[in-house]
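K.L.:
Here's my sequence, what's the structure:
(one chain, ligands or ions: 1)
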Amino acid sequence: MTSTRGDDGNALDLLIVGAGFAGMYMLFKARELGFRARVIEAGDDVGGTWYWNRYPGARCDIESLEYSYGFDEALQQEWRWSERFAAQPEILAYARHVAARFDLRRDITFGARVTRAWFDDAASTWEVGTDGGQALRARFVVMATGCLSSANLPAIPGIETFGGPRYHTGQWPHEPVDFSGLRVGVIGTGSSAVQSIPVIARQARELTVFQRTATYSVPAHNAPLDPAYEARVKADYAGFRRRNERMPAAFGANLDANDASALEATPAERQRRFDERWRAGGLGFTRAFGDIVLDARANALAAAYVRDKIRALVRDAATAALLSPSQPVACKRLCVDTGYYETFNLPHVRLVDIAATGIEAVTPRGVRAAGREFALDALVFATGFDAMTGTLLRMDIRGRGGLPLAEKWRAGPLNYLGLMVAGFPNLFTITGPGSPSVLTNMIVSIEQHVRWIGACLAWLRAHGRSRIEAREAAERDWVGHVNGVASRTIFPGCNSWYLGANVPGKVRVFMPLLGFPAYADKCAAVAAAGYEGFAVA
Ligand code: NA7
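P.N.:
Below you'll find the model as predicted:
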């Protein structure tokens, strides 16, 4: 075990868990403010979600000029993206570039997973332990552990008996995987499946997709990045970032979003707007009108439009019907694809409906579902994540009086601003539940949280304070607010991972907060009022 700063008996100012985009920027910020910080990272390199999600076709569906750090002008000017939507290897290369450029690695311990964090009330410090037996002490802990970092592998009977290789999209091997000549099964039809299925289909001899819920997907229309567009953005990159921060989901300022109601538009106007957004491609589809995620009737119009597209793209009527979702569009995360629906026109690709029965069993030879056994040589689980709370709850986190976080969150995550939990002083979560996080461009949300946490730590130091904790009343009001906002939208109306509904037994609470600008304003107001809603000691 290598000795690191922090296990020498002297408490760190700041221990950061995770070296994805959140942990990397938090480290940069801590150093900039003169704090002694160390990052503990389970993987062997930086990149977080982009380190783990190496499945074929993995790509960001926020445009690359937006899905990147804005905190350093030289960095954003010098980095060149090759495509409108960057693929996983390029985003990982970017993360590595940032780590090298700012010499971040010297303060990151790789290959160590934080297993426990216990608060020592008397000393007002956190004791943190890793799976390698390392023990560290820190005044503050920042969980930069990501929202989608604990794989959800369903407990299907017989899963261990499968004779061929098994993969989870979120834990993909680092060595190339070759499906040539194989009969491949994919379980799941969320974003990871929608991206990987067309690519796997190009290699596999036979591809069988097991679908529990059909998914809405909008074409990416990915292309090499237009140099003229890049030059326009880079001519005023800071202004572009600022405009994006005022968008509801912190991206798409250049989208020509429309705030008018879909219900008030004429049928011809609606068709024209939807066609425009479909041709533009990407997640901006839901910005065709202002009420698509707010009003079930407006949403139904958008959903019908996508179903028409599916019928036009898929030749076999029965397959098209099976691929057509019935839940509200964007209620489960909207997908962005390159040739997803069209893949089902290929003669060696078949879709199996498991909505009624689920997967009955995995056998040594394949998968038993829909009353028969499908022979398979390789099996891909594109079954998603225990989102937003999974990674935090898999650690043994104990606050004041030894209270376990799992106990505190028994009925769902409770916190204030998605940033701090009452009873857990000096513990911050970046893009925690209750913050806009997964409903936004994650990097914008990450940067906003890191700036807020950095300013908070500097304020505490300047005021001679060393302890901050969310107040229970503020926390109660905040959770009520998050749920109140969600209840005025279409989001509670389906079994999404935003609600925890994809993990059997998980409490159903809508976790992310809708609306980035109002949230960022609230965080700024709380800080300006001397950290209103927090107890400072
Ligand atoms: P998602 O979006 O959670 O998708 C997981 C898929 O796996 C989804 O179709 C699920 O069906 C399906 N699933 C999950 N468990 C099972 C079981 N037990 N049997 C059959 N099918 C199952 O995860 P992704 O990795 O695709 O995407 C996660 C996010 O990453 C994405 O939203 C982007 O933000 C990036 P269900 O819909 O639950 O019926």
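K.L.:
Tell me the residue of the stretch 51-200 of the chain that sits nearest the ligand?
P.N.:
With Cβ to the nearest ligand atom, the shortest gap between the stretch 51-200 of the chain and the ligand falls at residue 190, namely 2.1 Å. Where you see a C-beta, it was placed from the backbone N, CA and C, and this is true even at glycine.
K.L.:
That residue: how many residues sit nearby?
P.N.:
Neighbour count for residue 190, taken as other Cβ atoms under 10 Å: 22.
K.L.:
tell me the pLDDT at it?
P.N.:
Looking at residue 190, its pLDDT is 98.
K.L.:
which residues does it contact?
P.N.:
By Cβ atoms under 8 Å, 6 or more residues apart in numbering, the contact list for residue 190 reads 215, 332-333, 335, 382, 384.
K.L.:
Which of those fall in strands?
P.N.:
Counting by DSSP state E, the contacts of residue 190 place residue 335 in strands.
K.L.:
Out of the contacts of residue 190, the closest to the ligand would be?
P.N.:
Distances from the ligand to these, taken by Cβ to the nearest ligand atom, are shortest for residue 384, at 2.5 Å.
K.L.:
helix or strand for the residue nearest to residue 346 when sequence neighbours are not counted, which one?
P.N.:
Leaving aside its chain neighbours, residue 346 sits nearest to residue 201 (5.9 Å; criterion: Cβ to Cβ, 6 or more residues apart in numbering). Secondary structure assigned from DSSP states H and E places residue 201 in helix 191-203.
K.L.:
Can you give me the buried ones in that helix?
P.N.:
Within helix 191-203, the residues that qualify as buried are 191-201, counting by 16 or more other Cβ atoms under 10 Å.
K.L.:
And for stretch 232-242?
P.N.:
By neighbour count on 16+ other Cβ under 10 Å, the buried set for stretch 232-242 is 233, 240-241.
K.L.:
would you turn those residues into CSV with pLDDT and distance to residue 186?
P.N.:
Formatted as CSV, the buried residues of stretch 232-242 follow (pLDDT from 0 to 100; distance: Cβ to Cβ, whole Å):
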residue, pLDDT, distance to residue 186
233, 98, 36
240, 98, 37
241, 98, 37
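K.L.:
ok, back up a step: by contact count, what packs against the helix holding residue 201?
P.N.:
strand 183-187, strand 206-211, strand 335-337, helix 340-343 (3 or more Cβ pairs under 8 Å, 6 or more residues apart in numbering; DSSP states H and E).
K.L.:
which bits of the chain sit near the ligand?
P.N.:
Contacts of the chain with the ligand, taken as Cβ under 6 Å from any ligand atom, map to 148, 154, 169, 187-193, 212-213, 332-333, 358-359, 382-385, 495, 497, 502.
K.L.:
Please check those residues and keep the buried ones.
P.N.:
For these, buried by 16+ other Cβ under 10 Å: 148, 154, 169, 187-193, 212-213, 332-333, 359, 382-385, 497, 502.
K.L.:
Any stretches of this structure with poor pLDDT?
P.N.:
The chain contains residues with pLDDT under 70 at 1-9.
K.L.:
now residue 439: how far from residue 365?
P.N.:
41 Å (Cβ to Cβ, to the nearest Å).
K.L.:
who has more neighbours, the two?
P.N.:
The residue with more neighbours, out of residue 439 and residue 365, is residue 439; 23 against 15, by other Cβ under 10 Å.
K.L.:
which residues does the more buried one contact?
P.N.:
Residue 439 is in contact with 249, 498, 512-514, 516, counting by Cβ under 8 Å, 6+ apart.
K.L.:
Which ones among the residues you listed lie within helices?
P.N.:
residue 516 (DSSP state H).
K.L.:
biggest separation within the contacts of residue 439, which pair?
P.N.:
With Cβ to Cβ as the measure, no two of the contacts of residue 439 lie farther apart than 498 and 516, at 15.4 Å.
K.L.:
Run through the neighbouring helices and strands of the lengthiest strand in the chain.
P.N.:
Longest strand in the chain by number of residues (criterion: DSSP E): strand 135-143. Applying 3+ Cβ pairs under 8 Å, 6+ apart, one finds that strand 135-143 contacts strand 12-17, strand 37-40, strand 125-130, strand 427-429.
K.L.:
so which of those gets nearest residue 259?
P.N.:
Ranking those by their distance to residue 259 (criterion: Cβ to Cβ) puts strand 427-429 first, at 31.8 Å.
K.L.:
So which residues make contact with that closest one?
P.N.:
With Cβ under 8 Å, 6+ apart, strand 427-429 has contacts from 117, 119, 126, 140-143, 145, 392, 397, 399, 415, 418-421, 449, 453.
K.L.:
buried set for the next helix or strand after it?
P.N.:
Per DSSP H and E, the first helix or strand lying C-terminal to strand 427-429 is helix 442-462. Neighbour counts over helix 442-462 (16+ other Cβ under 10 Å) mark 442-454, 456-457, 460 as buried.
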